[in-house]
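>>> Predicted model, plus sequence, below.
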Amino acid sequence: MQITSTAFSHQGVIPTLYTCEGKDISPPLAWTGLPAGTQSLVLIVDDPDAPDPAAPKMTWVHWVLYNLPPTTESLPEGAKALLPGTKEGVNDWKRTGYGGPCPPIGRHRYFHKLYALDVVLPDLKQPTKVQVEQAMKGHVLGETHLMGTYQKVR
């Protein structure tokens, strides 16, 4: 499995457009190589460097999507209209949808993690990342990630 973006390379800098200093829209993402038997996909975007990369205290969750159909090969820039069956979880701003990088200090790493599951998860009613991860246990056929970095300009 591989996940990529036309907006930034693995370990590259995430363009300002996709952050709180820009339009705060999701970057385009695409993936290939899903394992045979994949029934659904989960996408989690998080930052393990919060609040300060020199002394991280938590992982900040930016986006949680689950039950993406296995026929899905990508998400467009600024993805709002999700494919039928796709469900959203709650991010650490206590809302659904994408919330872009907005680090209070230093350069943070943002992991765009894609999981292929052998099941379609039940409707978890706007779960947190932890609740989705719990539901995924024992069902992950494959996983991959794309990591980008960002540091505020202003």
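Now that the structure is in, tell me what you want to look at. Numbers count the residues shown, from 1 in each chain.
>>> Now do stretch 54-74, average pLDDT.
Averaged over stretch 54-74, pLDDT sits at 96.
>>> whoops, I mixed them up, stretch 130-147
On average, stretch 130-147 scores 98.
>>> Centre of the chain to that stretch, how far?
Computed by Cα atoms, centre = their mean, to the nearest Å, the separation of stretch 130-147 from the middle of its chain amounts to 11 Å.
>>> in that stretch, what counts as buried?
131-133, 135-136, 139, 141-147 (16 or more other Cβ atoms under 10 Å). C-beta here means a position set from N, CA and C on the backbone, and glycine is covered the same way.
>>> distance between the ends of it?
20 Å (Cα to Cα, to the nearest Å).
>>> what do you get for stretch 77-90?
20 Å.
>>> At the geometric centre of this structure, which residue do we find?
Residue closest to the average C-alpha location in the chain (Cα atoms, centre = their mean): residue 45, at 2.6 Å.
>>> Next, the buried residues of stretch 65-74.
Buried residues in stretch 65-74 (16+ other Cβ under 10 Å): 65-68, 72.
>>> Mind picking the two most distant members of those?
66 and 72 (12.1 Å; Cβ to Cβ).
>>> what's the overlap in contacts for the two?
Listed as contacting both residue 66 and residue 72 by Cβ atoms under 8 Å, 6 or more residues apart in numbering are 41, 86.
>>> So what does residue 41 have for phi and psi?
Main-chain torsions, residue 41, degrees, to the nearest 10: phi -120, psi 150.
>>> That one pairs with what?
residue 68, residue 116 (DSSP bridges).
>>> now do the same end-to-end measure for stretch 73-90.
23 Å.
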